[in-house]
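Chemist: Using only what follows, build the 3D model:
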Amino acid sequence: MASPPPPLAPPPVITPPPSRPRKGRGWMIFAIILLVVLAFSLFINFAQFISHALSFNHNFAASITREVGPRLEECLLKDNDSRNKIAVVSVDGIITGSIADQAGYNMVDVIKAQLDRARDDDRVKAVILKVDSPGGEVMASDQINKAIRVFQNKSGKPVVCSMGSLAASGGYYISAPCRWIVADPLTLTASIGVIMETVNYRNLMDKVGVAPVVYKSGKFKDMLSGMRATNEIPPEEHAMMQDLISQTYRQFTNVVVTGRGAAHHMNTTNGCPLSSNWADYADGRVLSGSDALKYGFVDQLGDFDDAVKATEKIVRIHNANLVEYRERYDITDFLSMFGQSSKAHDIKLDLGVDVPKLRTGERYFLWLPPTN
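Modeler: Take a look at the predicted model:
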């Protein structure tokens with residue numbers, strides 16, 4: 001009998017090589033994003049270099065730049081194929097010198113830089129100050145007012161104001177030195193006055209059982225403090241604060257008289273001089289553009305296009321190009337935000353209403369509309 005065949009050996013077990021753990025791709029994504037940002041920054045800088053080189057070739061005077069202050073880029077608003085230009089400088093919203101942008105410059109810095117740029121460019125024949133503001137801080141308004149006066153005196157170029165829907169209080173303060181003022185009939189303007197406020201919360205402290213303890217070097221060192229009872233405030237303090245407000249108010253009225261008087265002198269028979277009773281309406285009230293013309297606070301009723309025509313008539317040119325100077329940002333401004341304090345970049349909720357928070361002890365040329 002034949003012997004059975006030997007049993008077949010089982011097939012060998014093939015063990016796959018141990019797989020290496022896959023490395024995370026987060027660093028690759030980060031590297032790609034960084035390369036894209038850097039490439040974009042290089043492209044923007046190269047484009048700006050080409051633009052500046054072209055402007056240098058076309059007009060040497062227009063290529064003058066300043067090494068300090070905001071970096072500005074000229075943008076064409078209206079191209080009339082003209083060699084002459086009119087620069088438009090806009091003042092929108094609350095006038096303030098305490099809020100800085102991404103590059104660390106405030107509204108006053110930017111407006112001064114824009115006026116400097118317009119003064120340096122021989123092709124710019126005039127400036128239109130486009131105002132849509134309820135006013136703001138006293139110091140910021142005064143600095144812009146002085147910048148406009150200095151610009152007109154040193155450059156010989158007129159500044160024409162075009163008022164939008166609102167040019168009240170500080171908005172009128174910065175308009176007063178302009179050579180010519182154009183307001184819409186429905187513009188709210190004037191509101192010549194000063195306001196300073198504080199909050200007294202002593203009664204609330206008494207109700208919750210909180211007693212203030214104050215050490216001071218002088219009788220008036222805690223002026224405007226809200227922790228004192230009203231009967232603890234010396235009458236001299238009231239008089240001093242009112243005198244401070246009165247001094248600031250006299251400065252406001254002096255700006256109006258000086259600015260409107262100088263403009264009327266240069267405009268001769270054109271424009272509107274202040275009426276003999278204008279001071280009766282400088283009590284903080286707002287006026288419509290039509291009433292403002294009646295009392296000599298403005299020279300003409302019209303819109304922005306009318307302001308352009310008035311400007312061209314003053315400087316005797318026709319169909320000038322309209323330009324404006326906008327701040328230029330690059331990747332360095334974005335990166336610098338991470339090195340600044342978080343307070344400068346707080347995120348704010350926009351509710352569609354621009355209601356400023358008045359700081360205690362700060363004087364304002366500001367018109368506040370009534371709220372419900």
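Chemist: what's the helix or strand for residue 205?
Modeler: Using DSSP states H and E, residue 205 maps to helix 202-208.
Chemist: If you count contacts, what does the helix or strand just after that helix end up packed against?
Modeler: Once the chain leaves helix 202-208, the next helix or strand it forms, by DSSP H and E, is helix 235-267. If you count contacts as 3 or more C-beta pairs under 8 Å, 6 or more residues apart in numbering; DSSP states H and E, helix 235-267 packs onto helix 138-155, helix 170-173, strand 180-183. In short, each C-beta sits where N, CA and C put it, glycine included.
Chemist: Spatially central, which residue of this protein would that be?
Modeler: The chain has residue 107 as the residue nearest its centroid, 3.6 Å off, counting by C-alpha atoms, centre = their mean.
Chemist: Now the phi/psi pair for that residue, please.
Modeler: phi -60, psi -40 (degrees, to the nearest 10).
Chemist: Skipping its backbone neighbours, what lies nearest it in space?
Modeler: Distance criterion C-beta to C-beta, 6 or more residues apart in numbering; nearest residue to residue 107, sequence neighbours excluded, is residue 96 at 5.9 Å.
Chemist: next one: residue 83
Modeler: Once flanking residues are discounted, residue 83 sits nearest to residue 123: 6.1 Å by C-beta to C-beta, 6+ apart.
Chemist: Could you tell me how many residues sit around the residue nearest to residue 107?
Modeler: Counted with other C-beta atoms under 10 Å, residues neighbouring residue 96 total 18.
Chemist: I'd say it and residue 139 touch.
Modeler: No: Residue 96 is beyond contact range of residue 139, at 9.5 Å (criterion: C-beta atoms under 8 Å).
Chemist: Name the nearest residue to residue 294, ignoring sequence neighbours.
Modeler: Here the residue nearest residue 294, using C-beta to C-beta, 6+ apart, is residue 275, at 7.3 Å.
Chemist: Give the next helix or strand downstream of the lowest-mean-pLDDT helix or strand in the chain.
Modeler: Ranking every helix and strand in the chain by mean pLDDT, DSSP states H and E puts helix 331-336 at the bottom, with a mean of 52. Per DSSP H and E, the first helix or strand lying C-terminal to helix 331-336 is strand 364-366.
Chemist: mean confidence score for that next one?
Modeler: Averaging pLDDT along strand 364-366 gives 83.
Chemist: Show me the strands in the stretch 51-200 of the chain, by range?
Modeler: All strands of the stretch 51-200 of the chain, identified by DSSP state E, counting those that start in this stretch, fall at 72-78, 85-92, 124-133, 135-137, 159-168, 180-183, 188-190.
Chemist: taking those together, which one is wrapped up most tightly?
Modeler: Sort the strands of the stretch 51-200 of the chain by mean neighbour count, taking mean count of other C-beta atoms under 10 Å, and strand 180-183 sits at the top with a mean of 29.
Chemist: what lines up beside it in the sheet?
Modeler: Strand 180-183 has its sheet partners listed here by DSSP bridges as strand 159-168 (parallel), strand 300-301 (parallel).
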